[in-house]
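S.K.: For reference, the sequence and a predicted model appear below.
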Amino acid sequence: MSAGGEPQELPLGPAAPSDIDWDAPAPEIDRDDPARLYIDIDGFEGPLDILLDLARRQKVDLRRISILELVDQYLEFIDRAGEMKLELAADYLVMAAWLAYLKSALLLPKEEQEDPSPEELALRLQLRLQRLAAMREAAARLMTRDRLGRDVFMRGAPEGLRVMKKRAWQCEWFDLVQAYGQVKARTAPVVHMVRERLVMTLESALSRVSSMLGVALDWMELKQFLPPHADPQLKKSALASSFVAALELAKQGKAELAQEETFGPLRLRSMKRGGN
Amino acid sequence: MSSASSDPDDLVRAVEAILFAAEQPLTREDIAEYLNGADVRDALAELEETYRTRGVNLVKRGKLWHFQTAPDMANFLRREREEVRRLSRAATECLAIIAYHEPVSRAEIESIRGVQTAKGTLDVLMEAGWVRAAGRREVPGRPVIYATTPEFLTHFGLASRRDLPGLAELRAAGLLDPVEEAMEREMEARPDEENPAEADSDPDIVPETVTDPTRSLDMGDQSA
Amino acid sequence: MSSASSDPDDLVRAVEAILFAAEQPLTREDIAEYLNGADVRDALAELEETYRTRGVNLVKRGKLWHFQTAPDMANFLRREREEVRRLSRAATECLAIIAYHEPVSRAEIESIRGVQTAKGTLDVLMEAGWVRAAGRREVPGRPVIYATTPEFLTHFGLASRRDLPGLAELRAAGLLDPVEEAMEREMEARPDEENPAEADSDPDIVPETVTDPTRSLDMGDQSA
């Protein structure tokens, strides 16, 4: 592209000198012989890529290419592909159709144009080709720079820099003292301090059960022997003691036990009454 | 040694040693961290100058400094094993588009190339460490946008993105502007043509619909 | 050697670049191989001289040449990063035992803690600078005995070890509470496993023998 300040020109007129080398590496195509078209569809990255390659064969600044010629070249390319029974991706064919439309529109008398004008469409295509060409050129120049690991090298065996982690330990006075307290508490000779619990001792259960049995007329369920208004803690204790008391009484032959099924209600009654 | 003045002072020697020992390029701040926060700017400048003519140069890429062999020594050093990955053409073009337009979305890359970009292409560039996702563009769909990394500058020997080959010319020629913007300019420059506003009305005819994702490209960012 | 200040010739530069880029030390012959068999003796001598005063030196070990950072720069090539870490419970207990019982052997610490003490635990305390080896106990096996350091006193703001609270004070502060309490605190670290109803039903029915003056202390501790 020549001086950037000037307004973009129409894609008409003679070739202008170009100070960017547009002939950067591109698909393997014999550019010296525009008449020969090698079909190497694999080498292309889409229809725009082919168009760019074809445009370059005109050997003019991309702003000055002949769109009509380009269209013809592209259509010829597609025809060849067809002759060679190459499977072309749909977008190549869509581009062909669009270019054919563009060509006919460009050839029509100007008055019959609809919007947008074919010139606009052609210009848009041209702008896109320029941008793709610019990026392809840029990519090529980028790749030829002195690249690290290919042209220039970092030190082969660097000693390396080290980060020494220095740990600053933290511990508070209270943590320390508390830890000691806990060690002492944990390892102190174990003294079982049985807390004062509300319990019914076996003795009291024995006397309670046997006295209640003495006056009972019939079978009684075990839970009937429990103190009626005890809190839950005492109830548990009373149940256990009363059960053991019942077993003890049965062992002494003073009571008999009955249970219909496992975990069913445990009943007992006085031996004197039931036995005789 | 002819003169004492050619002997570097200890700060220079320390910076030299640190950069020689480093396995990765370092920023000025990285270096200072090894030196109790000393100001190493002068030392770096001195070293850069001292090594300018040698077989090893001190170079700055972006904010990162490292020693590397002088470019004209490449012939002696090129090794049999090809260390540098070979990029496909698609990847090469993608990389250039990202570098010259960053940050840029995939749709914008595709609109320039006129072809879909395989997922793997961007992956290759990201894996190489040259490209990173740089957030999302605040437009509908919030597409991910891509930008180059400090490693990109290091690898390609660029002091900054301004050093991208031909960047200034491309920008001056408007070739980094989206097609739509260029269209408008062109239409305005053509007095005999119809209303330039209607330049937008043809997307259903153009196969590679340019629905102008590139308009939001932040050109100001490119000088950053 | 006045040439040190002038630009090196290309052979010197090439040798410099080759040695810089080499992944291993090279013999004179190795280097010559990169240079079509050129005689590199003078170049090596010049480089050796040039780098003698720098932060990087060219050195010869046996027949092998390589660059290395100057020995006096070694301390700049590492950087310390402080990482504040809280002493583990085991280490804290260990430290407390040493403080209360010093000098004390590891076996003694273990017997007081009632738990085996990992070697690393003592290492941590020594790394922290709070504990030192204080000789050996003259008993069979001559175990190492440990004591606290002056830094220990400084860190914990103690004028002497006698400032540590005695058992009576610990008890008064509730710090000798039954193990349950301590266990409870330890359990808090775990997700609540047991049935809370069960845990709740106990204390308000049973008259507690041990009142709980530490509750407020506990809170302070747990948030610490």
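M.R.: Thanks, I have the structure now. Quick caveat, the model's predicted, so the values are computed rather than measured.
S.K.: what ranges do the helices span in the chain?
M.R.: Reading this off chain A. A:47-56, A:67-83, A:90-107, A:118-143, A:173-187, A:202-215, A:232-251, A:271-275 (DSSP state H).
S.K.: not what I meant, chain B
M.R.: B:10-21, B:28-33, B:41-51, B:74-77, B:89-101, B:106-113, B:119-127, B:150-155, B:167-172, B:179-188.
S.K.: Including distance to residue C:92, mean neighbour count and mean pLDDT, could those helices go into JSON lines?
M.R.: Placement of C-beta: from N, CA and C, glycine included. Shown next, in JSON lines, are these (distance: least, C-beta to C-beta, whole Å; neighbours: other C-beta atoms under 10 Å in any protein chain shown; pLDDT from 0 to 100):
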{"stretch": "helix B:10-21", "distance to residue C:92": "39", "mean neighbour count": "24", "mean pLDDT": "95"}
{"stretch": "helix B:28-33", "distance to residue C:92": "33", "mean neighbour count": "17", "mean pLDDT": "94"}
{"stretch": "helix B:41-51", "distance to residue C:92": "46", "mean neighbour count": "16", "mean pLDDT": "96"}
{"stretch": "helix B:74-77", "distance to residue C:92": "57", "mean neighbour count": "16", "mean pLDDT": "86"}
{"stretch": "helix B:89-101", "distance to residue C:92": "54", "mean neighbour count": "25", "mean pLDDT": "94"}
{"stretch": "helix B:106-113", "distance to residue C:92": "55", "mean neighbour count": "22", "mean pLDDT": "92"}
{"stretch": "helix B:119-127", "distance to residue C:92": "47", "mean neighbour count": "16", "mean pLDDT": "89"}
{"stretch": "helix B:150-155", "distance to residue C:92": "44", "mean neighbour count": "21", "mean pLDDT": "94"}
{"stretch": "helix B:167-172", "distance to residue C:92": "61", "mean neighbour count": "16", "mean pLDDT": "93"}
{"stretch": "helix B:179-188", "distance to residue C:92": "68", "mean neighbour count": "19", "mean pLDDT": "84"}
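S.K.: Could you point out which of those sits nearest chain A?
M.R.: Nearest of the helices of chain B to chain A, taken as C-beta to the nearest C-beta: helix B:167-172 at 2.7 Å.
S.K.: which outside residues touch stretch A:260-267?
M.R.: A:219-223, A:243, A:246, A:257-259 (C-beta atoms under 8 Å, 6 or more residues apart in numbering or on different chains).
S.K.: wait, which of the residues you listed is closest to chain B?
M.R.: Out of the contacts of stretch A:260-267, the member with the shortest distance to chain B (by C-beta to the nearest C-beta) is residue A:223, at 70.5 Å.
S.K.: list the contacts for that closest one?
M.R.: Per C-beta under 8 Å, 6+ apart, neighbours of residue A:223: A:239, A:265.
S.K.: what's the pLDDT at it?
M.R.: Residue A:223 carries a pLDDT value of 81.
S.K.: Equivalent analysis for residue B:219, please.
M.R.: 34.
S.K.: before we move on, the earlier item: of the helices of chain B, which approaches residue C:62 most closely?
M.R.: helix B:10-21 (21.9 Å; C-beta to C-beta).
S.K.: mind checking how far stretch B:155-164 is from the chain centre?
M.R.: 6 Å (C-alpha atoms, centre = their mean, to the nearest Å).
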